[in-house]
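*Asks:* below is the structure, and that's it, no one-letter string:
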């Protein structure tokens with residue numbers, strides 16, 4: 001269950017790829033990722049037969065798909081995640097602070 005005090009969190013405590021400043025921004029990010037992945041996969045499929053992507057490319061694609069799914073789950077409310085980037089940024093609690101006693105997960 002989500003901690004209600006974490007509806008917003010300090011940007012510096014959130015990974016750049018998961019920073020969202022408005023409820024709809026996660027869905028917009030997901031649409032951009034989907035478009036990028038469509039183009040990358042299309043480029044890979046248009047290669048000559050037998051030419052497969054490198055292991056690094058395959059791992060990168062897998063990570064992109066994971067990020068896309070995370071953003072879709074955040075936008076759909078299935079994954080609770082705080083917004084960030086508000087004007088009173090420094091007053092917000094961190095999402096995670098390994099040195100503090102009030103660390104959040």
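*Replies:* Cool, the structure landed. Not measured: the values here are computed from a predicted model.

*Asks:* so where's the protein uncertain?
*Replies:* Filtered on pLDDT under 70, the chain yields the residue ranges 1-6, 48-53, 96-105.

*Asks:* 80 instead, please
*Replies:* 1-6, 44-45, 47-57, 85-105 (pLDDT under 80).

*Asks:* chain center to stretch 21-36, what's the gap?
*Replies:* In terms of Cα atoms, centre = their mean, to the nearest Å, the centre of stretch 21-36 is found 9 Å from the chain centre.

*Asks:* list the buried residues in it.
*Replies:* Residues of stretch 21-36 classed as buried by neighbour count (16 or more other Cβ atoms under 10 Å): 25-26, 29-30, 33. Yep, even glycine has a C-beta here, placed from its N, CA and C like the rest.

*Asks:* so which of the residues you listed are in helices?
*Replies:* Counting by DSSP state H, those place 25-26, 29-30, 33 in helices.

*Asks:* quick one: which of these is nearest to residue 86?
*Replies:* residue 25 (12.9 Å; Cβ to Cβ).

*Asks:* any idea how far the closest one is from residue 91?
*Replies:* Between residue 25 and residue 91 the computed distance is 21 Å (Cβ to Cβ, to the nearest Å).

*Asks:* go on, residue 57?
*Replies:* In terms of Cβ to Cβ, residue 57 sits 42 Å off from residue 91.

*Asks:* looking at these two, which has the bigger crowd around it?
*Replies:* residue 57 (12 against 9; other Cβ atoms under 10 Å).

*Asks:* can you give me the offset of the strand or helix carrying the more buried one from its chain's centre?
*Replies:* Using DSSP states H and E, residue 57 sits in helix 55-75. The chain centroid and the centroid of helix 55-75 are separated by 9 Å under Cα atoms, centre = their mean.
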